[in-house]
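Q: Pasting the sequence and the predicted model now:
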Amino acid sequence: MTAIAEPAARSARRRGPAAAVRQSATVAWRQLVQIKHSPETLVEVGIQPVIFVFLFAYVLAGQMAGSRHAYLQFVVPGLIVQSTVLVTARTAIGMNTDVAKGLFDRFRSLPISRTAPLIGRILADYVMLVWSVVLLLACGMLLSFRIETSWNRLIPMFLLLLVFSFALSWASVLAGLLAKDPENVQALAFGLMLPLTFISDAFVRVETMPGWLQAVVKVNPVSMLADSIRGLLVGGPVAEPVTRTLIASAVLFVVFAPLALRAYHRER
């Protein structure tokens, strides 16, 4: 009885909630360690938000707000949200590449949680997200963006970004599992994610849009997140947009997480 019970106990420890957390962290660390072999990944993720900051500051600021500082105060929170969405879209590409290379086949042979490879990939992309946003903020401040509330509000800002990113990542995971190759998944993920940022108030004020489009923009989760970041960093309402963002994140998770898990188990 003891000989039978011991393997069962070890198996339970390997598959319990605590074990799933450890295994997800291990998978995430595996993804991050690979960066030292391809440091261009950090450059690729970091250069895009910097380019957007310079583009909006020097090309569009005069037309949009009359001065660089005035427009940066409005658009930098929107660019933070755009960066979050684009980094989340990269999860789809990484997921599809791992499947194509047979990485998940190797994971299946291990006594680990079924969701550890998925959550580990999402956690690793969190680091890319934080790196991207830090560079974006640094560049924005160099060009005259200023936090007008309190530096302490950076903490809830990053927490809100991570919550939203986690929820949206499941849509990205689903796209990565359904697409047949990295080229298709890139077109699918970015083709769905980019309109989310442009049909929002991330870059322009909603009152300048046609009435019918305003109704769409106001229910766009990206608009809710952009309003939340503006309230936290620049000033304005915080409680309502943050609450709406959390509700939207919960809806995204409830809708896409089961679909992604079903696609993953079918892939298995």
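A: Looks like it arrived, so ask away.
Q: how about the helices in the stretch 151-268 of the chain?
A: In the stretch 151-268 of the chain, the helices defined using DSSP state H, counting those that start in this stretch lie at 154-178, 182-198, 211-218, 221-233, 239-267.
Q: So for stretch 69-78, what gets flagged as buried?
A: By 16 or more other CB atoms under 10 Å, the buried positions in stretch 69-78 come out as 71, 72, 73, 74, 75, 76, 77, 78. Bear in mind the C-beta positions are built from the backbone N, C-alpha and C, glycine included.
Q: just those now: which is nearest residue 26?
A: Of all the buried residues of stretch 69-78, residue 26 sits closest to residue 77, with 34.4 Å by CB to CB.
Q: which SSE is that closest one in?
A: Element membership for residue 77 (DSSP states H and E) is helix 68-100.
Q: Quick check: mean pLDDT of that helix?
A: Taken as a whole, helix 68-100 has an average pLDDT of 85.
Q: ranking the helices of the stretch 151-268 of the chain by mean pLDDT, which is last?
A: helix 182-198 has the lowest average pLDDT among the helices of the stretch 151-268 of the chain, namely a mean of 75.
Q: Give me the buried positions along that one.
A: Buried residues in helix 182-198, counting neighbours by 16+ other CB under 10 Å, are found at 182, 185, 186, 188, 189, 190, 193, 196, 197.
Q: Can you check what angle separates that helix from helix 221-233?
A: Helix 182-198 and helix 221-233 are oriented at 60 degrees to each other (axes from the mean of the first three to the mean of the last three CA atoms, to 10 degrees).
Q: what does helix 182-198 rub up against?
A: Helix 182-198 is contacted from outside by 78, 81-82, 85-86, 88-90, 92-93, 95-97, 100, 171-172, 175-176, 178-179, 203, 220-222, using CB atoms under 8 Å, 6 or more residues apart in numbering.
Q: Just the buried residues out of those residues, in ChimeraX syntax.
A: Buried residues among those (16+ other CB under 10 Å), as a ChimeraX selection:
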select :78,81,82,85,86,88,89,90,92,93,95,96,171,172,175,176,178,179,203,220,221,222
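Q: re the thing from before, next, format the buried residues of helix 182-198 as TSV and append distance to residue 230.
A: Formatted as TSV, the buried residues of helix 182-198 follow (distance: CB to CB, whole Å):
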residue	distance to residue 230
182	35
185	32
186	30
188	30
189	26
190	25
193	21
196	17
197	15
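Q: Among those residues, which one sits closest to residue 154?
A: Once CB to CB is applied, the member of those that ends up nearest residue 154 is residue 197, at 21.3 Å.
Q: What sits closest to that closest one if chain neighbours are left out?
A: Leaving aside its sequence neighbours, residue 197 sits nearest to residue 82 (CB to CB, 6 or more residues apart in numbering; 4.5 Å).
Q: Next up, the contacts around the one you found.
A: Going by CB under 8 Å, 6+ apart, the list of residues near residue 82 reads 49, 52, 197, 202.
Q: quick one: least confident of these?
A: Lowest pLDDT of the contacts of residue 82: residue 49, 84.
Q: do you know how far that residue is from residue 87?
A: 9 Å (CB to CB, to the nearest Å).
Q: Repeat that for residue 143.
A: With CB to CB as the criterion, residue 143 and residue 87 are 21 Å apart.
Q: More neighbours: the two, which one.
A: Comparing residue 143 with residue 87 by other CB atoms under 10 Å, the one with more neighbours is residue 87, at 26 against 16.
Q: Can you give me the neighbour number for the residue nearest to that one when sequence neighbours are not counted?
A: Leaving aside its sequence neighbours, residue 87 sits nearest to residue 129 (CB to CB, 6+ apart; 4.6 Å). Counted by other CB under 10 Å, the residues lying close to residue 129 total 24.
Q: Which of the helices or strands spans residue 129?
A: Using DSSP H and E, residue 129 falls within helix 116-142.
Q: again, but for residue 50
A: helix 40-55.
Q: residue contacts, residue 132?
A: Per CB under 8 Å, 6+ apart, neighbours of residue 132: 45, 46, 48, 49, 83, 84, 87.
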